[in-house]
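K.L.:
Fold the following for me, if possible:
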Amino acid sequence: MAEEKNKSILIVDDNDDVRRLLTKVLERSGYRVEAAVDGESALQVLESFVPDLILMDIRLPGELDGLETTRRIKDDARLQRVPVVALTASVLERDRHLALAAGCSGFIAKPVDITALPGTVEKYIERGVTAPR
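P.N.:
From the prediction side, this is the model:
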């Protein structure tokens, strides 16, 4: 049985398989999980839900990619203190710099290491919005 953490996470990813896998792993670890498929739906979810952490795919379809969605989240006074962690398959330093500049607190590489995910998520929640050192 999963330990109840009373912490919540929003997963924003356009890939159904990734969303389902991350949701399953995090719920089994005791997190409450909400999910969105793109930037627009993420902002809609956030109108009535303030999570403890947001996992944000950087490459989202539509007008709002993950970087612009993160900027809008960070412009919202209710959400400014919520850490946003980029989900990215990119290993390019430029992409990491852009994510930090948009307001991300750090990165989780795709494919996601599901055995390490709960511990990684907990560390970001504990740190808050401070970028990792």
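
K.L.:
which regions of the chain sit below the pLDDT cut-off?
P.N.:
For the chain, the stretches flagged by pLDDT under 70 are 1-5, 129-133.

K.L.:
and the longest helix anywhere in it, what does it pack onto?
P.N.:
In the chain, ranked by residue count with DSSP state H as the criterion, the top helix is helix 16-28. Counting contacts by 3 or more CB pairs under 8 Å, 6 or more residues apart in numbering; DSSP states H and E, helix 16-28 packs against strand 8-12, strand 32-36, helix 117-127. Using the backbone N, CA and C atoms, a C-beta is placed for each residue, glycine as well.

K.L.:
possible to save those as a markdown table with distance to Asp57 and mean neighbour count?
P.N.:
Converted to a markdown table, the helices and strands packed on helix 16-28 look like this (distance: least, CB to CB, whole Å; neighbours: other CB atoms under 10 Å):
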| stretch | distance to Asp57 | mean neighbour count |
| --- | --- | --- |
| strand 8-12 | 6 | 24 |
| strand 32-36 | 10 | 19 |
| helix 117-127 | 15 | 16 |
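
K.L.:
In a markdown table, list the ones you listed along with distance to Val50.
P.N.:
A markdown table is the format used below for those (distance: least, CB to CB, whole Å):
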| stretch | distance to Val50 |
| --- | --- |
| strand 8-12 | 8 |
| strand 32-36 | 11 |
| helix 117-127 | 13 |
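
K.L.:
Mind checking the ones you listed for the one nearest to Val25?
P.N.:
Evaluated over the helices and strands packed on helix 16-28, closeness to Val25 peaks at helix 117-127, with 5.5 Å, by CB to CB.

K.L.:
which secondary structure elements does the closest one contact?
P.N.:
Looks like helix 117-127 contacts helix 16-28, strand 53-57, strand 106-109 (3+ CB pairs under 8 Å, 6+ apart).

K.L.:
From these, pick the one with the highest average neighbour count.
P.N.:
Compared across these, strand 53-57 shows the largest average neighbour count, a mean of 27 (mean count of other CB atoms under 10 Å).

K.L.:
Just the CA coordinates for the helix or strand just after that strand, please, in PDB.
P.N.:
Next along the chain after strand 53-57, taking DSSP states H and E as the criterion, comes helix 66-75. This file holds the C-alpha atoms of helix 66-75, laid out as PDB (Å, rounded to 0.1, in the frame of the first residue of the first chain):
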ATOM      1  CA  GLY A  66       6.100  23.900 -22.400                       C
ATOM      2  CA  LEU A  67       8.400  26.900 -22.100                       C
ATOM      3  CA  GLU A  68       5.500  29.400 -22.800                       C
ATOM      4  CA  THR A  69       3.200  27.500 -20.500                       C
ATOM      5  CA  THR A  70       5.800  27.700 -17.700                       C
ATOM      6  CA  ARG A  71       6.200  31.400 -18.200                       C
ATOM      7  CA  ARG A  72       2.500  31.900 -17.900                       C
ATOM      8  CA  ILE A  73       2.400  29.700 -14.700                       C
ATOM      9  CA  LYS A  74       5.200  31.800 -13.200                       C
ATOM     10  CA  ASP A  75       3.300  35.000 -14.100                       C
END
